[in-house]
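> what's the 3D shape of this:
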Amino acid sequence: MNNHPIHYFIFRLAEQLFAITVSDVERVFRALWVTPIPDSPPLLRGVVNLRGRVLPVFNLHSRLELPEKAVDTTDRLVLLPGQFSCCFFVDHVEGVLSFHKEEIFPPTRFSAHLEQILEGIVQYRQETVLLLPIRHIVHPLLAQTQPLLQGLPA
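Predicted coordinates:
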């Protein structure tokens, strides 16, 4: 029986706590200038140049149907690792927490859109943390924006 805790990176978007597994985070940066891409959908904020790597920046507010907000200097840019690296902004980084599987409950009482996306919820300091399976969120965004991103340098 595997009773090891799962480590999560906890962050805020529009006053709601969200979490992705720590293994889904390569680095966290201060807010950077994003170069917009003409005629891109609202889900794609644009691209950033991170040490010579041109990466897409996705709009999780839009993807999760949260109220939009302008990027602020206190926001953080989260870089996801892997073959299809990309980034997204978060309003605030809460830190890293560990939860056991028995602490994770099915997502209920949310919009139908969110319930389809979430992998579960946990309670933390009288707040609900929504657990995001980042691959299920990012892969559709990458597929949807691939034609716009093909001409960019790697």
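
> hey, which helix is longest across the protein?
Taking DSSP state H as the criterion, the chain has its longest helix at helix 134-149.

> and that one, what's buried?
134, 137-138, 141, 145, 148-149 (16 or more other Cβ atoms under 10 Å). For glycine as for every other residue, the C-beta is placed from the backbone atoms N, C-alpha and C.

> farthest pair within those residues?
I134 and L148 (20.7 Å; Cβ to Cβ).

> picking that back up, quick one: contacts of the longest helix of the chain?
20-21, 24, 37, 39-41, 43-44, 47, 56, 58, 60, 63, 80, 84, 86, 117 (Cβ atoms under 8 Å, 6 or more residues apart in numbering).

> picking up where we left off before, out of the buried residues of helix 134-149, who's nearest A14?
I137 (15.6 Å).

> ok, back up a step: any chance of the buried residues of helix 134-149 in CSV, plus distance to L13?
Shown next, in CSV, are those (distance: Cβ to Cβ, whole Å):
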residue, distance to L13
I134, 13
I137, 12
V138, 15
L141, 15
T145, 20
L148, 23
L149, 23
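
> please consider this matter closed, and thank you.
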